[in-house]
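Chemist: Quick one, structure for this:
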Amino acid sequence: MKELRSPQYDWGLRVLAGDDIYNDGTYPEVAEGALLVAKDSPGEIVRVGHLEEINAPLYLVEFANGMVVGCLEEEISPLGKPTP
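Modeler: Next comes the predicted model:
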């Protein structure tokens, strides 16, 4: 059994999108290839999960535009301290 890779970030942490995030076909009711979140958009981690296929943490991030998107660690960067 593989050891789970621990997340670097926790829920409540404010983050920035590291690059434009496009729909890879997994976001419902939005055209595949459509821009979901622009680079440097602020957001907050609302849930931390695990993507078993690649043994990596998966962060659900609610961005300022209202989109809630699953992100890998390399797609986001910390903006500040978690909100109380």
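
Chemist: Can you give me the neighbour number for the nearest residue in space to I21 that is not next to it in sequence?
Modeler: In space, and not counting its chain neighbours, I21 is closest to V37: 4.3 Å by CB to CB, 6 or more residues apart in numbering. Heads up, the C-betas are built off the backbone N, CA and C, glycines and all. Residues lying near V37 (other CB atoms under 10 Å) number 23.

Chemist: Now stretch 58-76: buried residues?
Modeler: 58-61, 63, 67, 69-71, 73, 75-76 (16 or more other CB atoms under 10 Å).

Chemist: beta partners of the most centrally placed residue in the chain?
Modeler: Centroid check for the chain by CA atoms, centre = their mean gives C71 as the closest residue, at 2.6 Å. Bridge pairing for C71 (DSSP bridges) gives the partners Y59.

Chemist: Who are the contact partners of it?
Modeler: By CB atoms under 8 Å, 6 or more residues apart in numbering, the residues touching C71 are 15, 17, 21, 58-61.

Chemist: strand partners of the top strand by length along the chain, parallel vs antiparallel please.
Modeler: Longest strand in the chain by number of residues (criterion: DSSP state E): strand 42-51. Applying DSSP bridges to the sheet, strand 42-51 is found paired with strand 14-17 (antiparallel), strand 56-63 (antiparallel).

Chemist: Quick check: mean pLDDT of stretch 31-48?
Modeler: For stretch 31-48, the mean pLDDT works out to 97.

Chemist: still on that earlier bit, now the residue nearest to I21: phi and psi?
Modeler: Phi and psi for V37, reported as degrees, to the nearest 10, are phi -140, psi 130.

Chemist: right, and it touches G66 too?
Modeler: No - applying CB atoms under 8 Å as the test, V37 and G66 come out as separate, 10.2 Å apart.

Chemist: in the longest strand of the chain, what counts as buried?
Modeler: 43-45, 48.

Chemist: could you dump those to JSON lines with distance to V30?
Modeler: Shown next, in JSON lines, are the buried residues of strand 42-51 (distance: CB to CB, whole Å):
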{"residue": "G43", "distance to V30": "17"}
{"residue": "E44", "distance to V30": "20"}
{"residue": "I45", "distance to V30": "21"}
{"residue": "V48", "distance to V30": "23"}
